[in-house]
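Peer 1: Sequence isn't available, so here's the structure alone:
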């Protein structure tokens, strides 16, 4: 999967690219509007991460170029502005998702995967982790071939874990993924614990392994290592 | 009190006093002059009578004006004036006369003289004169009063217009203040000063607004870099204490982010940057949010009851209405007790959200203030945002606490 990251803040550009490279994406970087236009005209990408505020132009204006040259690419807008107008405008112009800085890298990964799934780049909507199979199209989970009923939040949590396997996830990152704007709620962390226990219980019930490792009571890691 | 009324009031009292004093003083002065004139007349009459008697020996008598009597001996009177009333048989009424009693000595013969001058007509004249003076002065006053009023209406019209313009001027609206020019120097000076003042105020306001927005946005980028790098540190095999410290730093930075975002939101609402583009049904949002929050309700074993008595439709930005209901609901969950209740009444123009809660010292006056919170985990901005949304949408919000803690939102009547 080839990703173009358009971001004028160098440190952020490097950090995102390092992370995505580790996640086996091929990353290309553009730190300005002109560089981005150049690359967009020549190469083809699967995902484009687009910062709106660029020193030499508004990133939203790149969307038309992207639509012209990169018909297949999924576009995720990344911006410091939490502006609803920009969001609606961006989505209207053909962006697939919109993220407000700051965000967790695990969340970015989850969003990229979601866009890829929607665009069907994987050719399949099936995600596999050892004996766990998730079909994101029908939103169903199979463990050892057996269909297991999950609630929406449990499903979301499991999918988030599987996408970010072998990665340390703080409770806050999980809460933000599951409840988005509503993480202001005081007791979200208890819910994660409840949902997590349900997932563990359901996997164990059909003889599956417990892949969730708790880290010092502050985070989790979904791993089979 | 209006300027005109003040002026009128200020000069009504002195004018009335002057009017009364002048009228009364005038009356007495005129009277004195008339009496003086009458006395002169009587004295010259006496002289004429004396001459007549001397020359012709004829004693004139004309009752009641002239009465001359010859006396044998010198009458015991000295010349004096007094007022007398004499019946006028012709008009059948008493008339007032000034009477002069004197004696004349002509070659050893004494005459007692009583001369009278009717002051009746003079008294009438006096009253008429005083009255005329009074009416004259009053009409001058009344005319000047009405002409001043008229003049005021034209002269002050521009001023009134400008005053209205200044009253309705808002920094948030995107236009300059437009004052009517005046040909009165003082007003024109005032206009220039106010226009300059408004322009300066506006440019300062815009600068500050821009600064706040930019600063807030600029803060997000370094926060992103810090958070992403910290997140990557967590992925390494690190010791427990380091892990915990990193997570603590991440969480603090996230709080800072949330705080910053809420402050930006508040500033945006204040600056009216959200367009109310459609009619939204708060009922709909309420039921949707109830679904969204159902997990939180369950976790605290809250009994949630919504009593819809009609649709609360309001013209509001959809995003803001979402935040409004969301903040109120999360408030009623966060500060609730386990197994508590949330009772929501909604009808046209009224939304009342009540919940059980721990006791707090907050009041209707303080609870909506920024950074005031009954819970150390919350930023204390949620309810400030609620109030700000209400204020910009002609709504009132009130906090009351009795058995239940209630927030009531209703449209301003």
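Peer 2: Cool, got the structure. From a predicted model like this one, the values you see are computed outputs, not experimental measurements.

Peer 1: List the contacts of the residue most central in space within chain A.
Peer 2: Centrality entry for chain A: nearest residue to the mean C-alpha point is residue A:110, 2.0 Å, by CA atoms, centre = their mean. Shown in contact with residue A:110 (CB atoms under 8 Å, 6 or more residues apart in numbering or on different chains): A:159-160, A:163-164, A:177. C-betas here are computed from N, CA, C, even on glycine.

Peer 1: try residue B:393
Peer 2: Applying CB under 8 Å, 6+ apart to residue B:393 gives the contacts B:276, B:314-316, B:320.

Peer 1: what about residue B:30, how many residues close to it?
Peer 2: 17 (other CB atoms under 10 Å in any protein chain shown).

Peer 1: before we move on, the earlier item: SS state for the residue nearest to the centre of chain A?
Peer 2: Put simply, residue A:110 is helix when judged by DSSP: H, G, I helix; E, B strand; the rest coil.

Peer 1: and the gap between it and chain B?
Peer 2: 13 Å (CB to the nearest CB, to the nearest Å).

Peer 1: For chain B, which segments count as helices?
Peer 2: When secondary structure is read from DSSP state H, chain B shows helices at B:3-56, B:120-155, B:157-167, B:185-234, B:240-270, B:282-292, B:294-299, B:318-334, B:382-391.

Peer 1: helices or strands up against the longest one?
Peer 2: Spelled out, that is helix B:3-56. Helix B:3-56 sits against strand B:66-71, strand B:93-106, strand B:109-118, helix B:120-155, with contacts defined as 3 or more CB pairs under 8 Å, 6 or more residues apart in numbering or on different chains; DSSP states H and E.

Peer 1: any idea how far the closest residue to residue B:42 other than its chain neighbours lies from residue B:46?
Peer 2: Of all residues not flanking residue B:42 in the chain, residue B:100 sits nearest, at 4.1 Å (CB to CB, 6 or more residues apart in numbering or on different chains). Residue B:100 sits at a distance of 7 Å from residue B:46 (criterion: CB to CB, to the nearest Å).

Peer 1: Same check on residue B:266?
Peer 2: Noted for residue B:266: a distance of 103 Å to residue B:46, by CB to CB.

Peer 1: what sits against the closest residue to residue A:218 other than its chain neighbours?
Peer 2: Spatially, and ignoring its direct neighbours in sequence, residue A:218 is nearest to residue B:247 (4.6 Å; CB to CB, 6+ apart). Contacts for residue B:247 (CB under 8 Å, 6+ apart) come out as A:170, A:218-219, B:234.

Peer 1: Tell me the buried residues within those residues.
Peer 2: Buried members of those, counted by 16 or more other CB atoms under 10 Å in any protein chain shown: A:170, A:218-219, B:234.

Peer 1: Hmm, which of those residues is lowest in pLDDT?
Peer 2: Within the set of the buried ones among the contacts of residue B:247, pLDDT is lowest for residue A:218 (85).

Peer 1: quick one: that residue and residue B:242 touch, right?
Peer 2: No. Here residue A:218 lies out of contact with residue B:242, judged by CB atoms under 8 Å, at a distance of 11.7 Å.

Peer 1: Okay, now the unreliable bits of the chain?
Peer 2: Answering for chain A, as no chain was given. A:82-85, A:120-124, A:181-188 (pLDDT under 70).

Peer 1: Please refer instead to chain B.
Peer 2: In chain B, residues with pLDDT under 70: B:120-121, B:172-174, B:374-377.

Peer 1: What about residue 152, how many residues nearby?
Peer 2: Picked chain A for this. When neighbours are counted by other CB under 10 Å, residue A:152 registers 10.

Peer 1: let's do chain B instead
Peer 2: Neighbours of residue B:152 under the rule other CB under 10 Å: 17.

Peer 1: okay if I get the contacts of residue A:110 as CSV plus distance to chain B and neighbour count?
Peer 2: Output for the contacts of residue A:110, formatted as CSV (distance: CB to the nearest CB, whole Å; neighbours: other CB atoms under 10 Å in any protein chain shown):
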residue, distance to chain B, neighbour count
A:159, 17, 21
A:160, 15, 20
A:163, 15, 23
A:164, 10, 24
A:177, 13, 22
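
Peer 1: So which of these is the closest to residue B:110?
Peer 2: If you rank the contacts of residue A:110 by distance to residue B:110 using CB to CB, residue A:177 comes first, at 139.4 Å.

Peer 1: Run through the bridge partners of residue B:407.
Peer 2: Residue B:407 has these beta-bridge partners by DSSP bridges: residue B:353, residue B:399.

Peer 1: any idea how far chain A is from it?
Peer 2: Here residue B:407 is placed at a distance of 16 Å from chain A (CB to the nearest CB).

Peer 1: ok, that residue touching residue B:325?
Peer 2: No. Taking contacts as CB under 8 Å, residue B:407 lies outside contact range of residue B:325: 11.0 Å.

Peer 1: between the two, who's got more neighbours?
Peer 2: With neighbours defined as other CB under 10 Å, residue B:407 and residue B:325 compare such that residue B:325 has more, 26 against 23.

Peer 1: Contact partners for that one?
Peer 2: Applying CB under 8 Å, 6+ apart, one finds that residue B:325 lies in contact with B:282, B:285-286, B:289.
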